[in-house]
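K.L.:
pasted the sequence and its predicted model underneath.
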Amino acid sequence: MSLGDLSQVWRKVGIKSGQPCIRGTGVLVEIVVERFVTGETIAEIAEDYAIQPEAVLHAIRLVLYARGINLDAKPAAAKVERVTVVER
């Protein structure tokens with residue numbers, strides 16, 4: 001798996017309790033991703049925090065990578081199995 005360039009995301013012990021932040025802003029990655037998951041666009045989030053959209057995307061990629069999801073990977077072929085419906 002590849003994370004790509006994540007230079008805009010950083011963490012440091014003693015700053016925001018060591019949680020990952022957008023570099024130079026103190027904006028927590030967790031907050032950025034939470035807002036994205038609830039339906040806000042990358043552009044809206046970037047505008048609200050006056051950060052580059054790439055920084056928002058890097059934060060999202062970091063969390064997905066930590067959960068084992070690689071945006072760079074080619075989708076796996078879908079495996080279709082036979083399903084039997086049983087009425088009760």
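P.N.:
Yes, it's here.

K.L.:
residue contacts, Ala50?
P.N.:
Neighbour list for Ala50: empty [criterion: CB atoms under 8 Å, 6 or more residues apart in numbering]. In short, each C-beta sits where N, CA and C put it, glycine included.

K.L.:
ok, it to Ala66 distance?
P.N.:
26 Å (CB to CB, to the nearest Å).

K.L.:
and for His58?
P.N.:
For His58 relative to Ala66 (CB to CB), the value is 13 Å.

K.L.:
tell me the mean pLDDT for the longest helix along the chain?
P.N.:
When the chain is parsed with DSSP state H, its longest helix is helix 53-66. What helix 53-66 shows for mean pLDDT is 86.

K.L.:
now for it, which elements pack on it?
P.N.:
strand 9-10, strand 21-22, helix 29-37, helix 42-49 (3 or more CB pairs under 8 Å, 6 or more residues apart in numbering; DSSP states H and E).

K.L.:
give the buried residues for the third one.
P.N.:
Residues of helix 29-37 classed as buried under the neighbour-count rule (16 or more other CB atoms under 10 Å) are 29, 32-33, 35-36.

K.L.:
what angle separates that helix from helix 42-49?
P.N.:
130 degrees (axes from the mean of the first three to the mean of the last three CA atoms, to 10 degrees).
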